[in-house]
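Novice: Mind folding the following:
(one chain, ligands or ions: 2)
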Amino acid sequence: VDARPDSNGDPTLTTALIDAVGADDVLIDADLRSGYETDWTGRYGGPSMAVIRPRTTDALAAVMRACNDHGAVVIPQAGNTGLVGGSVPPAGQESVQDSERPTVIVSMRSFDDIGPVDRDAMQVTVGAGVTLARWQAAARAAGLDAPLDFAARDSATIGGAIATNAGGSRVVRFGTMRQQVVGIEAVLADGSVVGSLSGLPKETAGMHWPSLLVGSEGTLGIVTRARLRLVPRFAHTVTAFVSLKSIGDALDLLRRLRTSGAPLDAVEVIQPEALDLVVDHLGRPSPAAPPSATGTVVIVECAANHDPTDELVATLADASIVDTAIATDPRQREAMLEFRDRMTEAIAAASTRLGTPTFKLDVAVPLSALDDLLSEAEQAALDDGCRLISFGHLAEGNIHLNHLGALDPDRIARRVLGEVARLGGTISAEHGIGRAKAAHLHLIRSADDLRAQQAIKTALDPNAILNPGVVIETRER
Ligand code: 2HG
Ligand code: ZN
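Specialist: Numbering: from 1, shown residues only. Ligands and ions are numbered 1, 2, ... in the order given. Reported below is the predicted structural model:
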């Protein structure tokens with residue numbers, strides 16, 4: 001992280017920002033700013049002139065007008081659990097142009113209101129700073145549930161989940177964040193407020209802001225609140241921890257599970273090295289006999305209002321399996337799920353021990369290419385001399401490749417992402433492109449495509465104040 005002092009401060013901008021949100025919500029002190037200036041992994045981050053904490057849409061609009069007038073760079077942030085450097089300032093100066101511009105972080109954490117649950121529409125309106133866990137709790141208090149779940153639930157926010165089109169374990173059943181956003185309100189670079197929170201399922205009136213803004217990683221506007229879909233809260237959930245001989249057997253199991261019509265709620269995968277790491281971290285043995293070095297573990301969840309255990313067990317009986325553990329009791333299920341949920345934490349602990357941040361790549365490939373992807377990532381780790389920890393969301397072919405102690409991350413990225421593109425995959429499945437992968441987007445998007453994306457960006461943000469360098473590389477003008 002660049003420890004340069006806030007040399008790019010701008011007194012007239014500071015005054016305008018204080019006018020917009022009040023002095024208490026303009027954090028100028030280095031001590032107060034520091035937690036916002038570095039990302040969760042410690043890999044990305046850089047200095048800002050101030051952290052601004054608007055509390056209302058009007059105040060945010062005033063902040064945007066002030067920044068736009070001064071040509072200040074705006075870095076939107078909420079939970080700051082991102083893994084691709086998309087919610088913190090850049091370390092060095094990405095271009096001559098940026099070095100002359102003040103940078104402010106706009107924290108959306110104060111947008112933490114949750115509206116009443118609409119049980120008829122099965123929807124709720126929540127602020128961008130509401131955590132995933134609070135969205136789930138609000139839904140459950142009304143006898144419903146949130147369709148999304150992932151490990152960072154206690155700190156990751158709705159704003160970030162929308163910005164990155166987050167996924168997690170329930171995508172197999174309900175889709176990604178994009179499918180959950182039925183209404184949105186956002187503030188654009190010039191302070192305009194756009195969108196609608198009506199949540200009408202059949203609204204075909206002009207452009208659909210959720211489609212444009214979900215996944216735009218804070219480069220087109222800042223989401224203030226969203227109308228989100230809710231789903232039934234199922235009475236029974238069964239979890240199976242399945243040890244298999246190969247990825248091929250895991251894919252065969254996935255096919256059986258899907259065609260059986262079992263009420264699938266999650267199909268996650270853990271590779272043997274990753275299992276070893278989390279077993280050490282938790283200090284508990286693997287729930288089922290661990291697979292051999294060439295095997296894999298699949299965690300399956302089925303949820304329904306009838307007990308789905310027999311259905312799941314029948315499907316597992318037909319598959320080629322080394323060992324299985326099954327749990328229906330909530331506490332036992334939780335203990336089993338920790339082997340998947342606490343993987344990122346186990347990796348972070350190992351990174352701390354090594355004294356170097358882990359190099360993380362979130363990718364997805366067609367299921368038929370999964371074996372090839374994993375071999376290439378393994379080979380890249382061998383050549384680098386680092387350790388590969390891989391796990392993820394099997395049903396979407398979405399693997400998190402964590403290169404622990406990587407010596408040459410750029411080389412690994414070029415090699416692995418190049419292979420992902422050749423295999424017909426995507427270089428980001430749920431974490432976003434951020435700053436980490438902006439230079440690689442051309443691998444999966446044509447020059448025409450990138451030019452059109454740049455044109456949309458320029459139309460909405462002509463002064464390029466919103467998260468420049470994220471998703472699309474910054475170019476000199
Ligand atoms: C998960 O699936 C998250 O647990 C984090 O997407 C993945 O740490 C990672 O690489
Ligand atoms: Zn994930």
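
Novice: how close does whichever residue of the stretch 51-200 of the chain sits closest to ligand 1 sit to Gly46?
Specialist: Distances between the stretch 51-200 of the chain and ligand 1 by CB to the nearest ligand atom are smallest at Ala151, namely 4.5 Å. All C-beta atoms are positioned from the backbone trio N, CA, C, and that covers glycine. For Ala151, the distance to Gly46 equals 26 Å [CB to CB, to the nearest Å].

Novice: quick one: which of those two has more around it?
Specialist: Just comparing Ala151 and Gly46: by other CB atoms under 10 Å the higher neighbour count belongs to Gly46, 21 against 18.

Novice: thought that one was touching Gly85?
Specialist: No: using CB atoms under 8 Å, Gly46 makes no contact with Gly85, being 9.3 Å away.

Novice: Which residues are in contact with the residue of the stretch 51-200 of the chain closest to ligand 1?
Specialist: Arg340, Asp341, Arg342, Met343, Thr344, Glu345 (CB atoms under 8 Å, 6 or more residues apart in numbering).

Novice: Contacts for the helix or strand containing Ser34, please.
Specialist: In this structure, Ser34 sits in helix 30-37 according to DSSP states H and E. With contact meaning CB under 8 Å, 6+ apart, helix 30-37 is reached by 1, 5-6, 27, 45-48, 50-51, 77, 80, 88-89, 105, 107.

Novice: farthest-separated two in those?
Specialist: Pro5 and Asn80 (21.7 Å; CB to CB).

Novice: Looking only at neighbour counts, state which of these two leads.
Specialist: Asn80 (21 against 8).

Novice: List the contacts of the more buried one.
Specialist: Gly35, Tyr36, Asp39, Trp40, Ser87, Val88, Ser155.

Novice: most surrounded residue in those residues?
Specialist: Of those, with other CB under 10 Å as the count, Ser87 tops at 33 neighbours.

Novice: my guess is Ala350 meets Thr344, correct?
Specialist: No: Ala350 lies out of contact with Thr344 (CB under 8 Å); the separation is 10.8 Å.

Novice: more crowded one of those two?
Specialist: Thr344 (23 against 18).

Novice: Tell me the predicted confidence for the spatially closest residue to that one that is not a sequence neighbour.
Specialist: Using CB to CB, 6 or more residues apart in numbering and skipping the chain neighbours, the partner closest in space to Thr344 is Ala151 (5.9 Å). As predicted, Ala151 sits at a pLDDT of 97.

Novice: for Asp6, same thing?
Specialist: 45.

Novice: and what of Glu473?
Specialist: 88.

Novice: Surely it touches Ala436?
Specialist: No: counting by CB under 8 Å, Glu473 stays clear of Ala436, with 11.8 Å between them.

Novice: This structure against ligand 1: which residues are in contact?
Specialist: Those residues of the chain that sit near ligand 1, judged by CB under 6 Å from any ligand atom, are Phe150, Ala151, Met343, Thr344, Ile347, Lys360, His400, Asn402.

Novice: how about 5 Å then?
Specialist: Counting by CB under 5 Å from any ligand atom, the chain comes close to ligand 1 at Ala151, Thr344, Lys360, His400.

Novice: which pair in the residues you listed spans the largest distance?
Specialist: Maximum distance among the residues of the chain next to ligand 1 (CB to CB): 13.5 Å, for Ala151 and Lys360.

Novice: Helices along the stretch 1-150 of the chain, start to end?
Specialist: Using DSSP state H, counting those that start in this stretch, the helices of the stretch 1-150 of the chain run over 11-21, 30-37, 57-70, 96-99, 132-141.

Novice: Now tabulate the ones you listed in a markdown table and tack on mean pLDDT.
Specialist: As requested, the helices of the stretch 1-150 of the chain are exported to a markdown table (pLDDT from 0 to 100):
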| stretch | mean pLDDT |
| --- | --- |
| helix 11-21 | 97 |
| helix 30-37 | 97 |
| helix 57-70 | 98 |
| helix 96-99 | 60 |
| helix 132-141 | 98 |
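
Novice: CSV for the ones you listed, including distance to Trp209?
Specialist: As requested, those are exported to CSV (distance: least, CB to CB, whole Å):
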stretch, distance to Trp209
helix 11-21, 23
helix 30-37, 27
helix 57-70, 14
helix 96-99, 28
helix 132-141, 20
